[in-house]
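1. Here you go, sequence then predicted model.
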Amino acid sequence: MSAFMPIDIDIVHVARLARIDLHPDELESYRAQLGVILEHAAKVQAYDTSGVEPISHPLGFTNAFREDEPAPSLPRDEVLSAAPEARDGYFVAPPTMETE
Amino acid sequence: MTWEPVIGIEVHVELLTSSKMFCGCRVSFGDPPNTNVCPTCLGLPGSLPVPNRRAIEWLVKIGLALNCRINEWSVFHRKNYFYADLPKNYQISQYDHPVCVDGWLDVSGPDGAFRVGIERAHMEEDTGKSIHLGEGGRIHSATQTLLDFNRAGVPLVEIVSKPDIGTPPRARAFAQELREVILTLGVSDARLEEGSMRFDANVSLRRPGGPLGTKVEVKNMNSFRSLERALGYEIDRQRKLLEAGREVVQETRHWDEEAGVTQGMRTKEVSSDYRYFPDPDLVPIVVDTAWRERIAAELPELPAQRRARYLDQGVDPQTASVLSASEPDLRNLYDQAVEAGADPRTTALWVTGEITAALRRDEQLRLPAGGELAELLTLIEQGTVSASAAKEVLAGMLAGEGGAREVAERRNLIQISDSDALSEVVDTVLAENPDAVERYRAGEGKVLGFLVGQVMRATGGRADPRLVNRLLAERLG
Amino acid sequence: MSTPTIAEANRLFEEGLLDPVELLSEVLHRASLTEAELHAYLTIDHEGARRRAEAAAERLARGERRGPLDGIPIALKDNLCTKGVETTCASQILAGWVPPYDATAVARLQEAGAVLVGKTNLDEFAMGSSTENSAYGPTRNPWDTERVPGGSSGGSAAAVAVGSAVAALGSDTGGSIRQPAALCGVVGFKPTYGLVSRYGLVAFASSLDQIGPITRTVADAGMLFEVIAGHDPLDATSYPGQVPRWDAELDAGVGGVRIGLVRELSGDGIDPEVAEVCRRVLDLLSDQGAQVVEVSLPTVEVALSAYYLVAPAECSANLARFDGIRYGLRVPGDTVSETMGRTRAEGFGPEVTRRILLGTYALSAGYYDAFYLQAQRVRALVVQDFAEAYQKADVLVSPTSPTTAFPLGAKVADPLAMYMSDVCTIPSNLAGHPAISLPVGLDSAGLPIGLQIMAPALGETLLFRVAAEVERVAGFDARPRLAEGMP
Ligand SMILES: [Mg+2]
Ligand SMILES: [Zn+2]
């Protein structure tokens, strides 16, 4: 693994991907903090892991399924009562202006 | 110089399981909004997904039917993007380890048979539904979004073809064939209008033998016809751009059925970055040989095998295709009638012709049993009822009036094939039309038709026309 | 009277000297005396708790107790879903959210007759090591209210330390049960990953999160563990096999047990007083027949880096659902997208935002292989490291935290320094192994020191056996000032 150092963090792009609308000065401060943390995190890149398979789960079991049997759903009133806005059985959101 | 289209199709099929992909909510269409939802499919904090075993089995079934290799080991990934009808703002999907890879489907198109490669088929979850309120209900001018999550989490199989489809009619034929396969497997109702089967297409143009061009994704085609039209339009649009020396922009375009054009979306250009990573809430799926073979053993006869069998049985290719694409009830009727001894070719013609037409006129009609249809065909063959009277007999059968002979008798449709009885009528007709007889004898051959018609009329159409012809010829001879 | 342990309460119940209603009153009284200073709780469910205590008292009177937790007042970290009781994860974005369902662990406690007192404070979405990242204000350390209780389960640890709960549940992603337990002088246990269902635990990092008990004694932790552990069909990562018995060898002592001191966690970077106390405990174990050896976990330092990629990556996706559409806070904008962006900007605190951004970056195109995938490879190496160490030792020990409780505000401005607090605890999360922290002494400032014992996956039986002996030989019986009534 090459010793890649993340010098440029496109923080505007990252914040956009994470859907967090931050002010420019906040963005700059996060960019700086991420830089410090990532420099430390870059240790993982320098580490020799040749021939090692990445793991994502501690106990390596497989095939956890449920049978195709219906179970009760939630009462709609309860579901919608938590919503910031709801009407006629629907959740209501502002208009969708774009598709990504 | 010419441009060659390169088309790939992406298909999403909603599985008709009893419960959703990762929770126990019902898969049920047309229910009041937000009535089939729970913590998991609403993405409530703390909820977790547990995969539906049957959905995985059905995916394997689809993969096997599409001649795919079934990966022994596969994993679910999270596909991250923000959208109001995606409850967790990530979709559980599959990425670099899908269940099914590397298959193919043979299709018989308008210009002959061809094979389409299948890149992969994988499991994912459907999103909820957005209703865009506002002028025209169109996304661009919407003033509010109403959200219904009943569909969220419905098992969705994504099938991706290789980009080796050359023309819009072939794309259509492929889509139709694929739908037939899905219907035959019985894993989805595959309704295009209702979106339980959805086709997206990737189109690009290139010089024959040259490198691939920039591809455009075309969405929103909800019939086979619009798939073909949209591709035709898009190929044309790209060709014009290229011929004018301009560039094709990589984008997603929506098919506008009314206007007959594809339209780019006014998107803030953010290159999609889905940040796929293995879903840590789920463990790998292992489809071992035993499991795969058990599923393979349950595979029904597939459309291609079915068509080959029809051909073997003597059905003509055109009728075989139509029959193969018919509803299962009609195909079963064919099989049962043939089993009861009916001639396959005639049976196929009746099933795809008269019977299909009758059903189209009236969905409530009750299909005859195979034996009953065989009986009707025997009556025709033996000359007991005429071909035209047989249609009436069939109508009676479909209306539940009884078996073929019973209806024919009750409706008085049995053909008169008794030559003594007919001779009398023939003699009367000849006696009543002396000038016609004279003209015939003078060499005006077409008058014979008139005389046959007179006999038919006199018998209320029940006379066996072959016999009438013979009797007339004898007397005029 | 001061708040009893679970074992003591059971004895008092049986002897007729106490009933669940009285016990609840005592616990709530303790809360009323300490909360203003401590802020261990975000919500106290007075009514629900009273109802449950009364029902438990009736069962006690009829001789129909359901088990050792029946009638025991237990606090829940506020990232565990409780049907009908507000669950906020100490975040503005979930202010006022009332779950329509119970977490499996919560449901199992209820089933066992436990009296759920309320919801305890935490670092927002369990991200932090000091409980200062709560949107509702920090919890303070009961031993010194100018110091942090540790985190992220700081509220649970503080409540148990002062007796405003007899026991509590926390969640541990990188040490969030063990580190606050150490800093508050109580026992904290993180079970093997998958033994306790995560259903209803608001996820921080799904492959690392594990629910566990915070109690005053090792036996109390075992009793809680026994009730909440076991396969759950609602959690696909829940272990399908048998749960190891915590008390199968509890009194077997440590004779012949090989105890490995982790070299990398006993020297540099560890407060000398902390290291010294831990070594003294090892000497005592040695006196009891244990064979103390030194082992090496060379990946300890890089494990921390790997953790700070894997956990934020998972969190960035887990927290994507908080978007102002279906529940929680909404800060309206002109479009859906704007609404989501504003809601998330206002609803998340700085540490959560930082980690979401970090994780988003680590997963984004071009960096995935270098960061996330490489971190998962390092994780595989950590597992290998442990496997080698367990060739030489049956259990491993280290300090739980490099230091005792630090002053409020000391590390808030320096995320990296804060992250270092978890250096001893993170390896067990990456490997999915069980680990327990128990108090073994006080430093010169009178602050508790925790010793961590680690065992291989599903090694709970041995872990509890050694922990019980450590508890006995260390003889830790100090209580914080706030536990003994008002000054
Ligand atoms: Mg898809
Ligand atoms: Zn559901």
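-> Nice, I can see it. Ligands and ions are numbered 1, 2, ... in the order given.
2. what sits against B:Ala369?
-> B:Ala369 makes contact with B:Gln336, according to C-beta atoms under 8 Å, 6 or more residues apart in numbering or on different chains. From N, CA and C alone the C-beta is placed, and that goes for glycine too.
3. how about it, phi and psi?
-> For B:Ala369, the backbone dihedrals (degrees, to the nearest 10) come out as phi -70, psi 160.
4. quick one: contacts for residue 20?
-> You didn't pick a chain, so chain A it is. A:Ile20 touches C:Gly341, C:Arg344, C:Ala345, C:Phe348, C:Thr353, C:Ile356, C:Leu357, counting by C-beta under 8 Å, 6+ apart.
5. wait, chain C
-> C:Pro20 touches C:Phe13, C:Ala53, C:Glu54, C:Ala56, C:Ala57, C:Leu60, C:Asp70, C:Gly71, C:Ile72, C:Val115, counting by C-beta under 8 Å, 6+ apart.
6. now the contacts of A:Ile20 as a markdown table including secondary structure?
-> Shown next, in a markdown table, are the contacts of A:Ile20 (DSSP: H, G, I helix; E, B strand; the rest coil):
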| residue | secondary structure |
| --- | --- |
| C:Gly341 | helix |
| C:Arg344 | helix |
| C:Ala345 | helix |
| C:Phe348 | coil |
| C:Thr353 | helix |
| C:Ile356 | helix |
| C:Leu357 | helix |
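7. For the residues you listed, which single residue is the most surrounded?
-> C:Ile356 (30 neighbours; other C-beta atoms under 10 Å in any protein chain shown).
8. Isn't it up against A:Ala18?
-> Yes - using C-beta atoms under 8 Å, C:Ile356 and A:Ala18 qualify as a contacting pair, with a distance of 5.1 Å.
9. okay, and the common contacts of the two?
-> With C-beta under 8 Å, 6+ apart, C:Ile356 and A:Ala18 have common neighbours C:Ser316.
10. Identify each of the helices in chain A and give its residue range.
-> Ranges of helices within chain A are A:11-17, A:24-41, A:43-46, A:76-81, based on DSSP state H.
11. show me what contacts the residue of the stretch 1-150 of chain C found nearest chain B?
-> Among all residues of the stretch 1-150 of chain C, C:Cys81 sits closest to chain B, at 4.4 Å; criterion: C-beta to the nearest C-beta. Counting by C-beta under 8 Å, 6+ apart, C:Cys81 makes contact with B:Leu44, B:Pro45, B:Gly46, C:Thr87, C:Pro99, C:Tyr101, C:Asp102, C:Ala103, C:Val106, C:Gly200, C:Leu201, C:Val202.
12. any weak-confidence spans in chain A?
-> Low-confidence segments of chain A (pLDDT under 70): A:1-7, A:56, A:98-100.
13. again, only using 90
-> A:1-8, A:39-47, A:49-61, A:96-100 (pLDDT under 90).
14. can you list the residues of it near chain B?
-> A:16-17, A:19, A:56-57, A:61-74, A:76, A:79-80, A:87-100 (C-beta under 8 Å from any C-beta of the partner chain).
15. Run a quick neighbour tally on the residue in the stretch 1-150 of chain C that chain A sits nearest to.
-> Using C-beta to the nearest C-beta, the single residue of the stretch 1-150 of chain C nearest to chain A is C:Pro100, 4.9 Å away. Residue crowding around C:Pro100 was assessed by other C-beta under 10 Å; the count is 18.
16. Greatest separation within the contacts of C:Cys81: which pair is it?
-> B:Leu44 and C:Val106 (14.6 Å; C-beta to C-beta).
17. how about chain A, which residue sits the furthest from its center?
-> For chain A, the largest distance from the centre (C-alpha atoms, centre = their mean) belongs to A:Asp88, which lies 31.4 Å off.
18. how close does it get to C:Tyr193?
-> As judged by C-beta to C-beta, to the nearest Å, A:Asp88 and C:Tyr193 stand 44 Å apart.
19. next one: B:Thr167
-> 54 Å.
20. try C:His29
-> Counting by C-beta to C-beta, the gap from C:His29 to C:Tyr193 is 38 Å.
21. Is C:Ala107 located within a helix, as I assumed?
-> Yes - residue state for C:Ala107 (three-state DSSP) corresponds to a helix.
22. Which residue is the nearest non-sequential neighbour of it?
-> C:Gly200 (7.9 Å; C-beta to C-beta, 6 or more residues apart in numbering or on different chains).
23. now swap in B:Ala201 and tell me
-> The nearest residue in space to B:Ala201 (C-beta to C-beta, 6+ apart) is B:Val218, at 4.8 Å.
24. what is that neighbour paired to in the beta sheet?
-> B:Ala201, B:Arg253 (DSSP bridges).
25. Let me see the contact set for it.
-> B:Val218 sits next to B:Asp200, B:Ala201, B:Asn202, B:Val203, B:Ala230, B:Leu231, B:Glu234, B:Thr252, B:Arg253, B:His254, B:Trp255, B:Thr262 when contact means C-beta under 8 Å, 6+ apart.
26. Closest to C:Leu183 out of those?
-> For the contacts of B:Val218, the nearest to C:Leu183 is B:Thr252 (53.0 Å; C-beta to C-beta).
27. Roughly how far does the closest one sit from B:Thr352?
-> When B:Thr252 is compared with B:Thr352 (using C-beta to C-beta), they lie 39 Å apart.
28. Between these two, which is the more surrounded one?
-> Using other C-beta under 10 Å as the criterion, B:Thr252 and B:Thr352 rank with B:Thr352 on top: 22 against 18.
29. Pick out the residue of the stretch 101-250 of chain B closest to chain C.
-> For the stretch 101-250 of chain B, C-beta to the nearest C-beta, closest residue to chain C: B:Thr145, 6.0 Å.
30. make that chain A, sorry
-> Closest point on chain A to chain C, by C-beta to the nearest C-beta, is A:Pro58, at 2.2 Å.
31. what's around the residue nearest to C:Asp78 when sequence neighbours are not counted, how many residues?
-> In space, and not counting its chain neighbours, C:Asp78 is closest to C:Lys119: 3.8 Å by C-beta to C-beta, 6+ apart. Around C:Lys119 there are 26 other residues, counting by other C-beta under 10 Å.
32. returning to what we had before: can you pick the most crowded of the contacts of B:Val218?
-> B:Val203 (29 neighbours).
33. Checking that one next. Helix, strand or coil?
-> B:Val203 - assigned by three-state DSSP - is strand.
34. In three-state terms, how would the residue lying closest to it once chain neighbours are set aside be classified?
-> Once flanking residues are discounted, B:Val203 sits nearest to B:Glu234: 5.0 Å by C-beta to C-beta, 6+ apart. Three-state assignment for B:Glu234 (three-state DSSP): helix.
35. Quick one: residues contacting B:Glu234.
-> B:Ala201, B:Val203, B:Val216, B:Val218, B:Arg253, B:Thr262.
36. With pLDDT added, can I get those residues in TSV?
-> Listed next are the contacts of B:Glu234 as TSV, based on pLDDT from 0 to 100:
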residue	pLDDT
B:Ala201	97
B:Val203	96
B:Val216	94
B:Val218	96
B:Arg253	94
B:Thr262	94
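37. how about the lengthiest strand in chain B, does it reach ligand 2?
-> If you go by DSSP state E, chain B has its longest strand at strand B:112-125. No - Strand B:112-125 lies apart from ligand 2 when judged by C-beta under 5 Å from the ion; the minimum separation is 10.3 Å.
38. tell me how far the next helix or strand after that strand is from the chain's mean position?
-> Using DSSP states H and E, the helix or strand that follows strand B:112-125 in sequence is strand B:129-134. Strand B:129-134 sits 29 Å away from the centroid of its parent chain (C-alpha atoms, centre = their mean, to the nearest Å).
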